[in-house]
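1. Just to be clear, the model below is a prediction. Sequence and coordinates:
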Amino acid sequence: MTRTVMTAALAIATALGTSAIAQERGGTLNFARYDGSRLIDPIYADRNPDIWMVGSLFDTLLRTSEDGNTIVGGLAESFDISDDGLTVTLTMQSNLQFSDGSTLDGEDILFSLKRARNPDLGPWAGMLGNIETVTEDSGTVTINLSQPDPTILAMLTTFNTAIVNKAVFDAAAGETDADRSATIFAAGGTGVGSGPFYMCGFEQGASMDFCANEHYWEIGDDGQTLPYVEGVHFEVIPDDATRVLKLQAGEVDAVEFVPFSRVAELEADVAINMNLFPSTRIIYSPINARETRADGSANPLNDVRVRQAINYATNKEALIGLVLQGAGQPMTAPLMSSATRLATEMDLYPYDLDRAKALIAEAGLEEGTTITLTTLAGSSDDATIFAALQQMWAPLGINLVVEQVDGATRGAKNRSGEFDIHTYGWVDDVNDPSQVTGWLGYTPVRHAVGTGWESDQFNALFEASGSEMDQAVRAAQYAEMQQIYADAAPLLFMYETPFAVAISAAIDGYVQTPLGANIFSRATVSR
């Protein structure tokens, strides 16, 4: 069910008439989401429900290929990096426009990359920390680096580097960048975006609408500009069963995060195409490693032996059978999926209840200690995980209780540290280990995904790897970081999983990439 997305060069060739086939156009794709977006601004997006929508509204200078492995042109039709690794040169496509028809030029690029690099704004600025200057002249963008950066091309494909309309931001009401951004996205409509769609409707927590950008640069198989559909309507339905029911009733065309317990049923339905898209998605649970809980009480999970014990007491194969119906594998690298570059394969906390009990005894954990697992309300997968862990950890004397919250509340608890353990997941946005490693382990980026864990040795290795152009040395640095992280166990390491997306047979061409991006621009509706 996948289709290769054309590179910029192929799109231009198609526009010149070298390939044109009949292609159905029009219609609206109705997409049921598990969670809603709050603010779809490239630099402020920090949750997958926001991040995965950015690519539909904004384009980046470079792109990652549909399989997640190759860097290709986007708004820039070609690119080059100097032999010394200090200069990136990009040649822009001509006649680029925003969704309101205004010209996308060098000022917009400089403005957008300046926002993306500002550490006082979004959480992702560190990924561009080596950029010293950005200049533009007659369609050529030159990026000078303060030191060689092995990740710079990959980072120029990420959502936070997407190009926004400087004039729209300058004209928006508000004293700060965040205020102006909020004003723009509350208003919606054309103008700010450079992607195949613009946001034309939004009801917080309920629905969102994308309309086709008639000024988009990329050309479809029929020689006309993408996208093929007139728009995409998103309906927020947190409850898994309700999402699936609406698909079966024909009320929506596609549903994401289908419970794996329903996969076989949907595969048997001739009106539905059940997709298991390859992914870099890992499911884990951050563990609060702080000395005290948010209420000031002693935190039993501050003891590394307790964190290691619950990892050993978790039967990952059993979880995969219960939750994924076998469609997954245990995490084998402590910081990333096995598909991520430089992942170190290891036997990551195999099930060993005796060892878990010994660690608990060594730590002196009091029998009947209560630990709270915060889960996503309406998620059947999370409900299954809780029930399984409650049984698995009972022999350790742990009384596991559940707290069910919505996605926004779970994210807020993660940021504030008001949790014991909570379900979570990660999908790479670039196929380079620096982003996920920075998020999950490097303190200055995200305080080790909110766990409160910190290692000076880990931080120093991560910083050194940021300028290491020798790939063998860089691989060794990442191997050491992964071992440090595995030993410290600031996460409950669980499993890797594909993206389960069920789609009406009336829809063709939709793809979710291994990096999580939703590609709606080549989807078609036949009904």
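-> Perfect, I can see it now. Residues are numbered from 1 along each chain as shown.

2. Mind listing residues that contact stretch 258-276?
-> 1, 240-241, 243-244, 247-248, 250, 323-325, 327-328, 380-381, 497-505, 507, 512 (Cβ atoms under 8 Å, 6 or more residues apart in numbering). C-beta here means a position set from N, CA and C on the backbone, and glycine is covered the same way.

3. What are the buried residues along that stretch?
-> V258, P259, F260, R262, V263, L266, I272, N273, M274, N275, L276 (16 or more other Cβ atoms under 10 Å).

4. residues near the closest residue to A486 other than its chain neighbours, how many?
-> Nearest residue to A486 in three dimensions, chain neighbours excluded: P334, at 4.1 Å (Cβ to Cβ, 6 or more residues apart in numbering). Number of residues near P334 (other Cβ atoms under 10 Å) recorded here: 27.

5. The stretch 1-150 of the chain: strands as residue ranges?
-> 28-33, 62-64, 71-73, 76-81, 87-92, 131-137, 140-145 (DSSP state E, counting those that start in this stretch).

6. Turn those strands into JSON lines, columns for mean neighbour count, distance to L226 and mean pLDDT.
-> Listed next are the strands of the stretch 1-150 of the chain as JSON lines, based on neighbours: other Cβ atoms under 10 Å; distance: least, Cβ to Cβ, whole Å; pLDDT from 0 to 100:
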{"stretch": "strand 28-33", "mean neighbour count": "22", "distance to L226": "13", "mean pLDDT": "97"}
{"stretch": "strand 62-64", "mean neighbour count": "23", "distance to L226": "14", "mean pLDDT": "92"}
{"stretch": "strand 71-73", "mean neighbour count": "19", "distance to L226": "15", "mean pLDDT": "93"}
{"stretch": "strand 76-81", "mean neighbour count": "17", "distance to L226": "16", "mean pLDDT": "95"}
{"stretch": "strand 87-92", "mean neighbour count": "18", "distance to L226": "19", "mean pLDDT": "97"}
{"stretch": "strand 131-137", "mean neighbour count": "14", "distance to L226": "26", "mean pLDDT": "96"}
{"stretch": "strand 140-145", "mean neighbour count": "18", "distance to L226": "23", "mean pLDDT": "97"}
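
7. Figure out which of those strands is closest to V427.
-> Minimum separation from V427 across these (Cβ to Cβ) falls at strand 62-64, 12.3 Å.

8. That closest one pairs with which strands, parallel or anti?
-> strand 71-73 (antiparallel) (DSSP bridges).

9. the longest helix in this protein is where?
-> Counting residues, the longest helix found in the chain (DSSP state H) is helix 471-488.

10. Give me the distance from it to the chain's centre.
-> 22 Å (Cα atoms, centre = their mean, to the nearest Å).

11. helices or strands next to that helix in the packing?
-> Applying 3 or more Cβ pairs under 8 Å, 6 or more residues apart in numbering; DSSP states H and E, one finds that helix 471-488 makes contact with helix 304-312, helix 433-440, helix 456-465.

12. And the pLDDT for M6?
-> On pLDDT, M6 comes in at 29.

13. I should have written A298 there, sorry.
-> At A298, pLDDT is 95.

14. burial count for it?
-> If we define neighbours as other Cβ under 10 Å, then A298 has 9 of them.
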